[in-house]
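1. A predicted structure for the sequence below; I have some questions about it.
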Amino acid sequence: MRRISVGKRGRRDVQGPKVTSILKGTVISGCGHFTQRMKRYPDVFSEATGEKLFEGTLNVDVGRTVKIREDFRISGANICEPTQDLLFEKCQINGIPAYRVRPFVLATGEGGHGDHILEIACSQKIPNVPSGSLVEITLFRELT
């Protein structure tokens, strides 16, 4: 039996056997929208994640649709984007703890670059990952 507890910030801590799925993908250029959000609202991101994130996300094309499993979210109202929320899923990139972040338009469920491009945020700059680099994303769940 797995025990799930919800922490102060709504994040879930799962205890028990850990299932992981590893995806390999290619880093692609982004638009800079997350850099702008993180610079304007650093306290909102810090409160949600419990840490100061490196400004911006790394966009990784994994070549297949991977629906997000929401661990927690930032309400768009908290970052002056009331029509969409930001969904977060804990993960790792090249073995470094990180978050997959996906914009979620409330009216449609759409958002971001699509579910084949994972936007990854981390508390540090991921080393040696220019556009075109191959990276490994670990998700803490089984993919369907």
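-> That came in fine, so what should we check first?
2. report the central residue of this protein.
-> What sits nearest the mean C-alpha location of the chain, by C-alpha atoms, centre = their mean, is Arg100, with 1.5 Å.
3. ranges for the helices of this structure?
-> With helices called from DSSP state H, the chain shows them at 33-40, 42-49.
4. quick one: closest of those helices to Gly114.
-> helix 33-40 (14.5 Å; C-beta to C-beta). Where C-beta positions appear, they are placed from N, C-alpha and C, glycine not excepted.
5. measure how that closest one sits relative to helix 42-49, angle-wise.
-> Angle, helix 33-40 to helix 42-49, by axes from the mean of the first three to the mean of the last three C-alpha atoms, to 10 degrees: 100 degrees.
6. can you give me the offset of helix 33-40 from its chain's centre?
-> 14 Å (C-alpha atoms, centre = their mean, to the nearest Å).
7. buried residues, it. List them.
-> If you call a residue buried by 16 or more other C-beta atoms under 10 Å, then helix 33-40 has these buried ones: 34, 37-38.
8. out of those residues, who's nearest Leu23?
-> So of these, ranked by how close each gets to Leu23 (C-beta to C-beta), first place is Phe34, at 19.7 Å.
9. I'd like the distance between the closest one and Lys24.
-> 22 Å (C-beta to C-beta, to the nearest Å).
10. tell me where the model's unsure across the protein.
-> Filtered on pLDDT under 70, the chain yields the residue ranges 1-17.
11. I'm done for today, thanks for sticking with me.
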